[in-house]
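Colleague: Build the 3D model from these lines:
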Amino acid sequence: MLRHAPVHGCHTSCRGASRLDKCDSKLEIAVSGMGNGVNELKPWQSRLQWPLLLCVFLFGVTGMTMKGGANIFLFLMTLFSLPLLKDARGDRWTWALFIVLSASLLVTVLQLAAGMSFVGHKALDAPTRFFLAALCLFALKRLPARRLATACWGVWLGALGVMVWGYVSTHVAVYAYGLDVTRGWNQFSNPIPFGVFSVMLGFLSLSLPIVGWTDLSRKLQWLLCIGGLLAGLLAGYYSGSRAPFLIVPPLLIVMMLGVTRWRIGRIFVMLAVILAATASSVMITPNKLHSRIDEGLNDLRVYKQNQNTSMGLRLEMWRVARDIIADHPLTGVGKQGYYDEVNARIKQGKAPVIINAAPHPHGELLNFGVEMGLPGLILGLLIFAVPAALFFPLLRADDALLRFAATGGSIVVVGQFVAGLMDTYFWIVSQTAFYGTFVVVFAAIILARRQELAGR
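Modeller: Numbering: from 1, shown residues only. Below you'll find the model as predicted:
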């Protein structure tokens, strides 16, 4: 049974997909969250909620569509959050998320202070975004959950924006990715992260809360949500990358867990049917994704004879990264030290020349290990595991706002983790800001909503 999340949060279930979230009006509750004593804002503070909400909305719109958009609106979000930090209280989840998101910045500062040879001040850029996002959590959790959830509709415009970028960059030569007009991008992220974040924006659009009160308005918003999903998937297709579609199966599971009451067995049956139908349509017709899958499979077949392929290079980078971690298990080689360490190893004959230009090992956890040793591997796992521990148990919550935030947060965590198995994202500021900010926004909705429900 479908149960898309309406913003008013209903505690009963509905019967049949045709009556989506049409629940007993007597049980519909719209809690503003401003009078529970814990999150109550002073009059001068309450005026800051609107620019904060606008920043959340515009972050969703511009994060992957405008160069500098993620940084601009994260910085503004931080600026408007500072006055709300006065009297802000943190529970165990607030502090857990703050610590795990801030730890990489602390480690980088310590590496700089210790004079690690490969670590420069520029290495502070990306982890600083995690810290700023974590700081905003203390302020965002004081806002009404319903309004914060509604501000997430910015991702729908973001999904449309990346679709436009995907089309323009593959059909107008001046916007092409270098000389390759077959790979869609947004002029500041290369095609792989562009495709991955586009697909995530599409799934986030599908999970958005329904704000209408009539059947017609809800159906129209459902159509908009589906349109957002299709826009994100189309942008992922334009990217010409395999990674965006690697994250689709786990995100489908997250969506079915969050918006249906189906049992796990039925979810996996539906997933198998969807994937089989999709794979059949992709593989029996000539298209960009079919070609890229064939290329990847061929890369693996010829790996022993030729490592200078897309997948072959990855396997070599992973092997060298493993060796670096084994040689520097306690400290790693420092933030953004992979490039220099690899080139030093090439001169020593310990690494192949073909990976000399790579700035990272094309694996998120491996990169944490290379930069910070085994403690870095643990930190990398915690950056995904701690938010997951907050989001996953609430995927089937009775309260619609909790369920929406858990679904959105799980989409970000699962999508980023799976994509990170094949590439590194947290070395670019916009990509670090995307993950950190959305984890914090969805966590804030959950924490605020719990306070509202506790204060009834």
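Colleague: show me what contacts the closest residue in space to residue 420 that isn't next to it in sequence?
Modeller: Distances taken as CB to CB, 6 or more residues apart in numbering put residue 364 closest to residue 420, at 3.1 Å, once the chain neighbours are dropped. (Each C-beta comes from the backbone N, C-alpha and C, glycine too.) Listed by CB atoms under 8 Å, 6 or more residues apart in numbering, the contact partners of residue 364 are 380, 416-417, 420-421, 423-426.
Colleague: wait, what's in contact with residue 443?
Modeller: So residue 443 contacts 93-94, 97, 137, 141, 387, 390-391, 405, 409 (CB under 8 Å, 6+ apart).
Colleague: out of these, which are buried?
Modeller: Burial by neighbour count, 16 or more other CB atoms under 10 Å: within the contacts of residue 443 this picks out 93-94, 97, 137, 141, 387, 390-391, 405, 409.
Colleague: so residue 426 makes contact with residue 435?
Modeller: Yes: because the distance of 7.2 Å satisfies CB atoms under 8 Å, residue 426 is recorded as touching residue 435.
Colleague: Can you report how many residues lie near residue 257?
Modeller: Other residues lying near residue 257 total 19 when counted by other CB atoms under 10 Å.
Colleague: Please tell me how far it sits from residue 397.
Modeller: Counting by CB to CB, to the nearest Å, the gap from residue 257 to residue 397 is 11 Å.
Colleague: Any buried residues in the least confident helix or strand in the chain by mean pLDDT, and which?
Modeller: In the chain, no helix or strand scores lower on mean pLDDT, DSSP states H and E than helix 43-46, which sits at a mean of 82. For helix 43-46, burial by neighbour count (16+ other CB under 10 Å) applies to residue 45.
Colleague: where along the stretch 151-300 of the chain do the helices fall?
Modeller: Assignment of helices within the stretch 151-300 of the chain using DSSP state H, counting those that start in this stretch yields the ranges 154-171, 191-206, 215-238, 243-246, 248-259, 264-283, 288-301.
Colleague: Which stretch among these is buried most, on average?
Modeller: Of those, the one with the most neighbours on average (mean count of other CB atoms under 10 Å) is helix 191-206, at a mean of 29.
Colleague: Now that helix - C-alpha only, PDB.
Modeller: Provided in PDB are the C-alpha atoms of helix 191-206 (Å, rounded to 0.1, in the frame of the first residue of the first chain):
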ATOM      1  CA  PRO A 191      30.000  13.300 -15.500                       C
ATOM      2  CA  ILE A 192      30.300  10.700 -12.800                       C
ATOM      3  CA  PRO A 193      29.300  12.800  -9.700                       C
ATOM      4  CA  PHE A 194      26.900  14.800 -11.900                       C
ATOM      5  CA  GLY A 195      25.100  11.600 -12.800                       C
ATOM      6  CA  VAL A 196      25.100  10.200  -9.300                       C
ATOM      7  CA  PHE A 197      23.800  13.300  -7.600                       C
ATOM      8  CA  SER A 198      21.200  13.800 -10.400                       C
ATOM      9  CA  VAL A 199      19.800  10.300  -9.700                       C
ATOM     10  CA  MET A 200      19.700  11.100  -6.000                       C
ATOM     11  CA  LEU A 201      17.900  14.400  -6.700                       C
ATOM     12  CA  GLY A 202      15.400  12.400  -8.700                       C
ATOM     13  CA  PHE A 203      14.700   9.900  -5.900                       C
ATOM     14  CA  LEU A 204      14.500  12.800  -3.300                       C
ATOM     15  CA  SER A 205      11.900  14.400  -5.600                       C
ATOM     16  CA  LEU A 206       9.800  11.200  -5.500                       C
END
